[in-house]
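Participant: kindly return the folded structure for what I paste below:
(chains A and B)
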There are 2 protein chains.
Amino acid sequence: MNLLEELQKILSNDQVTVNETILEQHSKDESYHTPHLPDVVVFPESTEDVSKVMKFASTNNIPVVPFGLGTSLEGHVIPYQGGISLDFQRMNKILEVRPGDFLVRVQPGVTRSQVNKELKKYGLFFTVDPGADATLGGMAATNASGTTAVRYGVMRDQVRDLEVVLANGEVIRTGGLSAKSSSGYNLTGLFVGSEGTLGIFTELVLRVHGIPEEIVAARATFPTVEQAVQTAVSILGAGIPVARVELVDARSIYQINRQFERNYKEEPTLFLEFHGNKSGLEQDIELAKELAIQEECSEWAFETETKARSQLWEARHNLAYAFLHGSPGKKMMVTDVCVPLTELADAVKYAREKLDESGLDGAVLGHIGDGNYHALVMFNPEDANEMSRAEKFNAGLVEYALSRGGTCTGEHGVGVGKRKYQLQEHGSAVNIMSLIKQTLDPLNILNPGKVLPNL
Amino acid sequence: MNLLEELQKILSNDQVTVNETILEQHSKDESYHTPHLPDVVVFPESTEDVSKVMKFASTNNIPVVPFGLGTSLEGHVIPYQGGISLDFQRMNKILEVRPGDFLVRVQPGVTRSQVNKELKKYGLFFTVDPGADATLGGMAATNASGTTAVRYGVMRDQVRDLEVVLANGEVIRTGGLSAKSSSGYNLTGLFVGSEGTLGIFTELVLRVHGIPEEIVAARATFPTVEQAVQTAVSILGAGIPVARVELVDARSIYQINRQFERNYKEEPTLFLEFHGNKSGLEQDIELAKELAIQEECSEWAFETETKARSQLWEARHNLAYAFLHGSPGKKMMVTDVCVPLTELADAVKYAREKLDESGLDGAVLGHIGDGNYHALVMFNPEDANEMSRAEKFNAGLVEYALSRGGTCTGEHGVGVGKRKYQLQEHGSAVNIMSLIKQTLDPLNILNPGKVLPNL
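Facilitator: Presented below is the predicted three-dimensional model:
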């Protein structure tokens, strides 16, 4: 079958392409996973378009992989079985802001910076901030989070309602507009994090928050990574409602200084942020600082100005790119495990030791208020030995996390990279997941080969 | 088949009974729904017991209805098809407190007051507080919430991991111990709120919180219900992280004064609570009070002492019982809709008007920070006309909420009472729910006749 011609019959000509450059753009994400070309790229402009595509795909048994901006980190959007890459760049409208309900209704191709620009007009913001300026559809598909999850929760906590196109083209809505509901099964929570394997999002209703009266950021430097981690744990234990608490190790500070022309002290550092009213923050910050000093904090620098604060978080969010730019010819593997808080200090120490042992360049950092930490590992993709050492290191961290009640992925998702750990982490619950997948996608055309080890 | 004898073969004799009094206790909940006797009541003492019962039940096609303390409000635990009522009163152990991880691991028969008594030793508390002292298993089954959801979230937000016995007796775990995860499908969120229709909980890992440094409660009195509601909306709009904001109408205050010997002003009232540090609270409360005064608040009374605070919330939590005791011979219907915040003032006004029109005694109150409000409606169960007026009133509120993007149940769940609204609220998503039910419980033996309209 000529997919291009057949799809152009049901959509308009300019919505379907087999242009080589565009196919190549849809063959990969930002991970180290091997690319694979789709047969065709389709640009839907409406829910109806997506429904038509799914009816066609299910009639003809053709794989469909939803595509946002390709910023996924475990190969989620790579079409390993070819078929249709469904690119949502034309479905990028903010449909409605409901400030009084703290809600925004968007199409899936809207990015987080785009929605925040609009929300700012209303004194509101959307909390979830993964490193990349990803699409909201993609963020919902992977249950993304980022630096603010410790205070405001992960993507799943923000999604109030989804419009979903099912494998057969049928359209459903999963939730509603009220702040809570005990009606029916929680389909919203099931679809969030399903990585395009159960249905395709065509509209999202998201919870938003008022911009806090006062925001204060701080940088705190410590002699060791363990002391930085211990400070984070103490701050949470003291009940301080910290909005962000990020570990950035010495090697990362070095890269930040080089790439962004900063002069931060090149030692293990916490980037912190506090949200609240003025009086409350003063008390919170004083206590947090005391706890840091108990862990031999050698420098505590406030960033109260909006600009300095933005620079701090810009540096944090672009850290992965700083490493890539600072390591020409190298690729990056990003690990992503999460452990219970009491296991965190040991876990981060273990990661640092194993990274040193691997002989590879890299950094350990993370959203440690949630027990979620990443290692950025640089390796030469042409060098099988380096690649294998990076993979062994990654596997070692996953084994460690799982043995301590943690998870193989805190926020990046399963994609292809973490499929092999699903049975180990979830045991026979994987059978239930597989049954749900078979029920919703009996032909296995929705992003096949992702999430589940056997489908 | 003699169920008693057969079940006594696989459990011990004292774990199975057909005693009439005990059967009768398991024939009803706290709602107005018609009771129905189970054939037998079983008291499991372990996960293995539950697994054995489910293997027996699935082999012999016998309905099983999990039973906590029978405090459900929509007939959830009534065994309309007979079979086994599975009472968790012997599985009431707190298995582990992990203070550093802010987690507690419990058996499903543990009640919320029981867990809070234990957690207090660690300076921790469990946030979810429905009116009744329900079991945690039951609260997870209905996705219960209560007065603190506005700040800390609903039951689904607290459940980190479940041990679930499936229809065929197989045992799975749905989550883990880490604060977040993007691994696999979100089975935890799917089972929470499934009301015993997808599987039976035998263990729960729940998130807990540190007891705040400072807690201040307040009572604010207003000339009208609308002004009270508007104050709540303004407080949320101002970004004040209020921990509780409850509407209690004049009629309810009258019942509280009579039943609990208080002398609260008998006017529409907000019961408020603020959690935080001392300095922050002072600023929050000052602003909240200003907002109340703008709505002609006639009295603002602080309850800073622990005892006065407890008395305030005791009165709130026992309001339904106050009405029952104050209305001998009557039964109570409790409505439970939830609307978007911008719809709340009109919705509460509508409810009050319709209640007056019905000619029935009752009150309008609720967790209005979430847009969730209840009407308590008293009626004579022997009087078909009163019963029909109460039902018509309830249906009117549901229609109103659904027409404004709300839900037919904010926190009580579907049970039998809200089945008839599932299609209207969820549209064709109900088909997906039914497919999931059929996949997990092909014989329809898990609490049959609940949640879904067609199963």
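
Participant: enumerate every residue touching residue A:245.
Facilitator: For residue A:245, the contacting residues are A:150, A:232, A:235, A:236, A:270, A:271, A:272, A:273, A:367, A:368, A:369, by CB atoms under 8 Å, 6 or more residues apart in numbering or on different chains. Quick note: C-beta positions are derived from backbone N, CA and C, even for glycine.

Participant: that's a helix at it, yeah?
Facilitator: No - Residue A:245 sits outside any helix when classified using DSSP: H, G, I helix; E, B strand; the rest coil, being strand.

Participant: if I look at it, how far off is residue A:43?
Facilitator: Noted for residue A:245: a distance of 40 Å to residue A:43, by CB to CB, to the nearest Å.

Participant: same check on residue A:265?
Facilitator: From residue A:265 to residue A:43 the distance is 48 Å (CB to CB).

Participant: pLDDT below threshold where in chain A?
Facilitator: For chain A, applying pLDDT under 70 flags no range at all.

Participant: check the secondary structure at the residue nearest the centre of it for me.
Facilitator: Residue closest to the average C-alpha location in chain A (CA atoms, centre = their mean): residue A:144, at 3.4 Å. Following three-state DSSP, the label given to residue A:144 is coil.

Participant: pretty sure it contacts residue A:410?
Facilitator: No - in this structure residue A:144 lies outside contact range of residue A:410 using CB atoms under 8 Å: 10.2 Å.

Participant: what sits against the residue of chain A found nearest chain B?
Facilitator: Closest contact between chain A and chain B, by CB to the nearest CB, is at residue A:280 (2.1 Å). For residue A:280, the contacting residues are B:276, B:277, B:279, B:280, B:281, B:283, B:284, by CB under 8 Å, 6+ apart.

Participant: and what of residue A:68?
Facilitator: Residues near residue A:68 by CB under 8 Å, 6+ apart: A:77, A:88, A:108, A:109, A:134, A:135, A:137, A:138, A:141.

Participant: tell me, how many residues neighbour the third one?
Facilitator: What that stands for is residue A:108. 25 (other CB atoms under 10 Å in any protein chain shown).

Participant: and the residue nearest to it when sequence neighbours are not counted, how many neighbours?
Facilitator: Of all residues not flanking residue A:108 in the chain, residue A:137 sits nearest, at 2.5 Å (CB to CB, 6 or more residues apart in numbering or on different chains). Residues lying near residue A:137 (other CB under 10 Å) number 27.

Participant: these two touch, right, residue A:137 and residue A:66?
Facilitator: Yes - with contact defined as CB under 8 Å, residue A:137 and residue A:66 form a contacting pair (7.1 Å).

Participant: quickly list what's touching both of the two.
Facilitator: A:88, A:108, A:201.

Participant: thinking again about what came up before, can you list the contacts of residue A:280 in CSV and add secondary structure?
Facilitator: Formatted as CSV, the contacts of residue A:280 follow (three-state DSSP):
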residue, secondary structure
B:276, strand
B:277, coil
B:279, helix
B:280, helix
B:281, helix
B:283, helix
B:284, helix
